[in-house]
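S.K.: let's see this in three dimensions:
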Amino acid sequence: MNWFEQVKVLLFPPVTRRMALDIARQALAQSVASEPLICHPRKPADFNIYAGFREPCWWVQVPWNDDSGQPVLRSSRVIVIGRQSGKILYDGSAGDEG
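M.R.: This is a model prediction of the structure:
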């Protein structure tokens, strides 16, 4: 993707922040879908995901889909959603533990 296309998608994303949050909610189990989600316009500095994505993305921090109810020390869960396609490109550990 050339630089003009990247700037155009960043300024006028076909998938808005609200749409990205709706996509993430649909991917979650019902038991955690009502918990607050945090949507970042770019990858947070403490996320250590080394996959390269071919389009600009929304980075949505979501709860894990387990019903343990116990406090657990682990990495955050992130769902990465393409701003052009609206597809979930990654769903897993943010690599931010420690």
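
S.K.: tell me how far the helix or strand containing Ala20 lies from the chain's centre.
M.R.: Using DSSP states H and E, the element containing Ala20 is helix 17-27. Relative to its chain's centre, helix 17-27 lies at 9 Å (CA atoms, centre = their mean, to the nearest Å).

S.K.: now swap in stretch 52-67 and tell me
M.R.: Here stretch 52-67 shows a centroid-to-chain-centroid distance of 2 Å under the convention CA atoms, centre = their mean.

S.K.: helices of the chain, start to end?
M.R.: Taking DSSP state H to define them, one finds helices in the chain at 3-11, 17-27.

S.K.: quick one: least confident helix or strand in this protein?
M.R.: Sorting the helices and strands of the chain by mean pLDDT, DSSP states H and E puts helix 3-11 at the bottom, at a mean of 77.

S.K.: from the chain's centre, how far out does it sit?
M.R.: Distance, centroid of helix 3-11 to centroid of chain: 19 Å (CA atoms, centre = their mean).
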